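Novice: model this:
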Amino acid sequence: MNTHALHDDATASSAPQPAALVRALNRAIGLFKRIPDSFIALIARISIAAVFWTSGQTKVQGFVVNVITGEVHLGWPRLADSAVALFREEYRLHFIPPEIAAPMAATAEHVFPFLLLIGLATRFSALALLGMTLVIEIFVYPDAYPTHGTWAAVFLFLMAHGPGKLSIDHWLATRSER
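Specialist: A predicted model of the protein is given here:
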C-alpha cells in the first residue's frame with residue numbers, strides 16, 4: 001500500500017478548491033453590491049453631521065444639543081467666549097480675522113450638519129463642509145490627513161450619489177416629477 005498516495009489524496013480533498021473559493025468570494029461580493037446607496041448615504045449623513053455639529057457646539061453658549069450624550073438646553077445661542085481666542089491662538093487663519101472666522105465656523109458647523117441630517121440641500125451642504133475640511137487640512141491641522149481624508153470621502157460620496165431615499169431632497173425630487 002502506498003501511504004504517500006493516501007496522504008496526497010487526503011490533503012487534496014481537505015484543501016479548498018480554487019473554483020469553490022472563487023464562487024464563495026463572488027457570492028460575498030454580490031451581497032456587498034446589494035447594500036443600498038440610500039442606506040450608506042443615511043449612515044454617512046448622520047455620522048459626518050455629528051462630527052461637525054459636535055465641533056460647532058464647542059463654539060457656542062446658551063444652546064446645547066449634544067448628539068452624543070443627549071444633553072439638551074434650548075436657549076438663544078451666542079458665540080462662546082473662547083471661540084475667537086481659539087481662532088486667534090490655535091487655528092490662526094491668516095486670510096480671515098478671528099472675529100469673522102469664529103462666528104462663520106460656528107454657524108456653518110450648525111447649519112450644514114442640520115441640513116445633512118434632514119437631507120435638504122445635501123450635495124451643497126456636503127460641498128460647503130468639504131471646503132471647510134480642506135481649509136482645516138491645509139491651514140490648521142495638516143498632519144490630520146487620515147481623518148480629513150475620511151471626511152472628504154464621505155462628502156464626495158454624498159455629492160456624487162446624493163442623500164438617498166430617506167431625505168427631503170428625495171421627497172422634493174419625486175414631487176417635482178409629477
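Novice: Just the element for the residue positioned nearest the centre of the chain, please.
Specialist: By Cα atoms, centre = their mean, the chain has its centre lying nearest to Ile48, at 3.4 Å. Using DSSP states H and E, Ile48 maps to helix 37-57.
Novice: Packing partners of the very next helix or strand once past that helix?
Specialist: For helix 37-57, the succeeding helix or strand toward the C-terminus, using DSSP H and E, is strand 60-61. Secondary-structure packing of strand 60-61 (3 or more Cβ pairs under 8 Å, 6 or more residues apart in numbering; DSSP states H and E): strand 78-79. Using the backbone N, CA and C atoms, a C-beta is placed for each residue, glycine as well.
Novice: Let's see the helix or strand following the strand it packs on as CSV, backbone CA atoms only.
Specialist: As assigned by DSSP H and E, the chain's next helix or strand after strand 78-79 is helix 81-86. This file holds the C-alpha atoms of helix 81-86, laid out as CSV (Å, rounded to 0.1, in the frame of the first residue of the first chain):
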residue,chain,number,x,y,z
ASP,A,81,-16.2,83.5,24.9
SER,A,82,-13.4,81.0,23.9
ALA,A,83,-14.3,80.8,20.2
VAL,A,84,-12.5,83.9,19.0
ALA,A,85,-9.4,83.1,21.1
LEU,A,86,-9.4,79.6,19.6
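Novice: mind listing what's buried in helix 81-86?
Specialist: Ala83, Val84, Leu86 (16 or more other Cβ atoms under 10 Å).
Novice: Likewise for stretch 38-50?
Specialist: Across stretch 38-50, burial judged by 16+ other Cβ under 10 Å covers Ser38, Ala41, Leu42, Ala44, Arg45, Ile48, Ala49.
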